[in-house]
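Undergrad: Give me a model of this one.
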Amino acid sequence: MKMSRHVLSTHEIADALEDFDDDEDLQGLDIYIDPPCDGTMSDGDSGEEDCDSINRLNRHQLLAPAEMVLRQREEHDEENRTIDEVLVSPSTSSQYLETLTPAAGPSSNRSRRSRHVETRADGTSSERSQQRQRIVRPRKWVKRDLRYQQCEWSPPLPRAVLTLTKESEPIEFFFSEDVIRYIVRHTVMYAVEKHNYNFCLSGYELSCFIGILLLSGYAPLPRRRMYWETNEDTHNVLVVKSMRRNRFEEIFRYFHVADNGNLRAGDKMAKIRPLFNIMNKKFLMYAPIEKNLSIDESMIPYYGRHGCKQHIHGKPIRFGFKAWVAATRLGYCLQADLYEGRSEARETGLGEHVVTKLMNTVKTEYPETLFSVYCDNFFTAPSLLSSLQENNVKITGTARQNRIDKCPLIDAKSCKKQPRGFYDYRLDTNDNICAVRWNDNSVVTLLSNEFGVHPVQKARRYSVAAKQKIDMGLKSFYFS
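TA: Model (predicted):
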């Protein structure tokens, strides 16, 4: 692993990230702002950690010394941008950004990942960094379409009857009395660990505390103390009547959802894992189950220090925690899983592992239900379609050109030269996987074990050659 450390001011680092285009090898970075040296209270000029833009940093923070920790990996396919360890230095630097340019020369082609060599009892050695041997299933690609089989989908019986009698009841489905008691117990336990033996907390107070946190999500302010200010533009009557500011700060200081003395080793999210598991169970319990599901990543904005914090360049939310989410067509979250970084115990690719794990959990609760899952090219692969098809799960998604198991489709360069609307397709007769590549605004490759190419439907597209909108054929699972 190759590590670069640059100590600059915050605005210099921000400018460098905006101008830096070649991010193929930038697999992880984090920015740490040094605290004031005089020990004064810094909460007044500190933005909330749940803000979603670096532009909200004020002048003091932009001019403060900061440090960027940059890690470079060679595994581009996993988009691993984990900051594995925190490296903080109080020193400052006036060096500029020529060190951000990737070094040229023979050394730049060397492996940028350290190899950890294990010695077995028999004297042989193995490298953890050795690429896993992926088992390729035999494929028989033929020029044939996949016949669509219409299946009547019957929704499963609801796990609970939702009869709303008051406005707060939807929140109480998830933060029920047993969940509130669980959080109260661990919060008081943590206060005792901090030698505050007089701290007490009731379920009503905790419910008000959680309500204020939820309110701050859709009515955000730069600092949480501003909700109790008397200014007309920040004063929130609902918050003021619910809880005093000092009491909120005291609960915030001791808020805990796990026993620090019984944390699971190796789990970077162990302090929130119990509550996260409870929420996942309740998501399935009250889920409006639908046939069509979507699996994708979701960024949770966070600008503090944590080993699982991610940076995805070019995204609307660049810094934060990355969560894998399985959601319904209307956006209801069925299951979520926080990304903790690279795992050596995984036998499949990251995308395939995520989809398999989420759908196995859903199928455990609804084993007889047929699901149609849609995902992008980070997840889609023929091996994923083959494995989940055995579990009565259909997959449709875009695919990368190097993840179609040597399917003899027309290559992307030749397809781009064809007229708009041109397509080529193949069918794997072993697992009934249809692969299609067509020329639209760009060359698109799709895999599906549910939909075929026909019937071809018409869509209006603008043609540069004809200088007008023309009818072009789109495949059936394009509209699915």
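Undergrad: make it CA atoms for all contacts and neighbour counts henceforth
TA: Noted.
Undergrad: pLDDT weak spots in this structure?
TA: The model of the chain has pLDDT under 70 over residues 1-7, 18-30, 32, 35-56, 59, 69-135, 157-162, 344-345, 473-480.
Undergrad: domain ranges for it?
TA: Domain assignment for the chain by automatic domain parsing gives 2-101, 169-262, 287-478.
Undergrad: and Ala435, how many neighbours?
TA: A count of nearby residues for Ala435, using other C-alpha atoms under 10 Å, gives 28.
Undergrad: Likewise for Gln310?
TA: Using other C-alpha under 10 Å, Gln310 has 29 other residues around it.
Undergrad: Kindly report the same for Val443.
TA: 19.
Undergrad: Could you check how far it is from Lys416?
TA: Going from Val443 to Lys416 by C-alpha to C-alpha, to the nearest Å gives 6 Å.
Undergrad: circling back to that earlier point, could I get the domains of the chain as a markdown table with distance to Ile278?
TA: A markdown table is the format used below for these (distance: least, C-alpha to C-alpha, whole Å):
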| stretch | distance to Ile278 |
| --- | --- |
| domain 2-101 | 23 |
| domain 169-262 | 8 |
| domain 287-478 | 11 |
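Undergrad: Quickly compare the ones you listed and say which is most buried.
TA: Mean neighbour count, computed with mean count of other C-alpha atoms under 10 Å, is highest for domain 287-478 among those, reaching a mean of 18.
Undergrad: quick one: the strands in the stretch 351-480 of the chain?
TA: Using DSSP state E, counting those that start in this stretch, the strands found in the stretch 351-480 of the chain span residues 371-375, 393-398, 423-428, 433-439, 443-448, 457-463, 468-474.
Undergrad: need the strands for the stretch 151-300 of the chain, in chain order.
TA: Here the stretch 151-300 of the chain has its strands, by DSSP E, counting those that start in this stretch, at 292-301.
Undergrad: would you list every one of the helices in it?
TA: Under the criterion DSSP state H, counting those that start in this stretch, helices of the stretch 151-300 of the chain are mapped to 169-174, 177-193, 203-218, 237-242, 245-254, 273-285.
Undergrad: Could you say which one of those helices comes nearest to Lys458?
TA: helix 273-285 (38.4 Å; C-alpha to C-alpha).
Undergrad: in stretch 142-159, what counts as buried?
TA: For stretch 142-159, a neighbour-count test (16 or more other C-alpha atoms under 10 Å) marks 145-146 as buried.
Undergrad: Any chance you could list what contacts that stretch?
TA: 285-291, 366, 369-370, 425-429, 432-434, 449-454 (C-alpha atoms under 8 Å, 6 or more residues apart in numbering).
Undergrad: Pull the contacting residues for the closest residue to Leu263 other than its chain neighbours.
TA: Computed as C-alpha to C-alpha, 6 or more residues apart in numbering, the closest residue to Leu263 that is not its neighbour in sequence is Ala270, at 5.8 Å. Each residue near Ala270 by C-alpha under 8 Å, 6+ apart is listed here: 258, 263-264.
Undergrad: same question, Pro274
TA: Residues near Pro274 by C-alpha under 8 Å, 6+ apart: 257-258.
Undergrad: closest one to Lys140 among the domains of the chain?
TA: Among the domains of the chain, the nearest to Lys140 by C-alpha to C-alpha is domain 287-478 (5.1 Å).
Undergrad: Spit out the contact partners of the nearest residue to Pro382 once chain neighbours are set aside.
TA: Of all residues not flanking Pro382 in the chain, Ile404 sits nearest, at 6.2 Å (C-alpha to C-alpha, 6+ apart). Neighbouring residues of Ile404 by C-alpha under 8 Å, 6+ apart: 381-382, 435.
Undergrad: could you redo these as a markdown table and give each row distance to Ala16?
TA: Shown next, in a markdown table, are the contacts of Ile404 (distance: C-alpha to C-alpha, whole Å):
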| residue | distance to Ala16 |
| --- | --- |
| Ala381 | 35 |
| Pro382 | 39 |
| Ala435 | 41 |
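Undergrad: Columns distance to Cys375 on top of the helices of the stretch 151-300 of the chain, output as CSV?
TA: What follows is the helices of the stretch 151-300 of the chain, written out as CSV (distance: least, C-alpha to C-alpha, whole Å):
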stretch, distance to Cys375
helix 169-174, 27
helix 177-193, 33
helix 203-218, 28
helix 237-242, 40
helix 245-254, 38
helix 273-285, 20
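Undergrad: Of all the ones you listed, which one comes closest to Asp296?
TA: Here helix 273-285 is closest among the helices of the stretch 151-300 of the chain (C-alpha to C-alpha), at 16.3 Å.
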